[in-house]
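[1] I'd like to go over a predicted model; first the sequence, then the structure.
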Amino acid sequence: MPELWRPCVERAAKFRLIKMNIYIFTRKCILFFYFLEQLL
(Lines give C-alpha, C1' and ligand atoms only; values in the text may rest on other atoms or scores of the structure.)
Protein backbone atom coordinates (compact mmCIF):
# COMPACT_ATOMS: atom_id res chain seq x y z
CA MET A 1 0.00 0.00 0.00
CA PRO A 2 2.69 2.61 0.84
CA GLU A 3 4.31 1.89 -2.56
CA LEU A 4 1.11 3.02 -4.25
CA TRP A 5 1.01 6.26 -2.27
CA ARG A 6 4.61 7.29 -2.89
CA PRO A 7 4.19 8.88 -6.37
CA CYS A 8 1.24 10.89 -5.11
CA VAL A 9 3.16 12.13 -2.08
CA GLU A 10 6.19 13.02 -4.21
CA ARG A 11 4.00 14.94 -6.62
CA ALA A 12 2.36 16.84 -3.75
CA ALA A 13 5.77 17.71 -2.29
CA LYS A 14 7.01 18.90 -5.67
CA PHE A 15 3.87 20.98 -6.17
CA ARG A 16 4.32 22.57 -2.74
CA LEU A 17 7.94 23.39 -3.58
CA ILE A 18 6.92 25.02 -6.87
CA LYS A 19 4.21 27.02 -5.08
CA MET A 20 6.77 28.16 -2.51
CA ASN A 21 9.21 29.19 -5.25
CA ILE A 22 6.50 31.17 -7.05
CA TYR A 23 5.56 32.89 -3.77
CA ILE A 24 9.20 33.85 -3.05
CA PHE A 25 9.65 35.01 -6.66
CA THR A 26 6.57 37.25 -6.56
CA ARG A 27 7.66 38.69 -3.21
CA LYS A 28 11.08 39.52 -4.69
CA CYS A 29 9.45 41.17 -7.72
CA ILE A 30 7.17 43.27 -5.52
CA LEU A 31 10.11 44.36 -3.36
CA PHE A 32 12.18 45.13 -6.47
CA PHE A 33 9.47 47.31 -8.03
CA TYR A 34 8.87 49.04 -4.69
CA PHE A 35 12.60 49.79 -4.51
CA LEU A 36 12.55 51.18 -8.07
CA GLU A 37 9.64 53.46 -7.22
CA GLN A 38 11.58 54.83 -4.26
CA LEU A 39 14.54 55.66 -6.51
CA LEU A 40 12.47 57.46 -9.15
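    Yes, it's here.
[2] how near is residue 40 to residue 34?
    11 Å (CB to CB, to the nearest Å). Quick note: C-beta positions are derived from backbone N, CA and C, even for glycine.
[3] got it, and residue 17?
    According to CB to CB, residue 17 and residue 34 sit 26 Å apart.
[4] and if you look at residue 15?
    As for residue 15, its distance to residue 34 is 29 Å (criterion: CB to CB).
[5] can you check residue 24 too?
    For residue 24, the distance to residue 34 (CB to CB) stands at 16 Å.
[6] Equivalent analysis for residue 6, please.
    Counting by CB to CB - residue 6 and residue 34 are separated by 42 Å.
[7] And the strands in this protein, which stretches?
    For the chain, no strands are identified by DSSP state E.
[8] which residue ranges form the helices in it?
    Remark: helices assigned in the chain by DSSP state H are 2-39.
[9] can you list the weak-confidence ranges in it?
    1-2 (pLDDT under 70).
[10] go with 80
    Filtered on pLDDT under 80, the chain yields the residue ranges 1-5, 40.
[11] and residue 8, how many neighbours?
    Residue 8 is surrounded by 9 other residues when neighbours are defined as other CB atoms under 10 Å.
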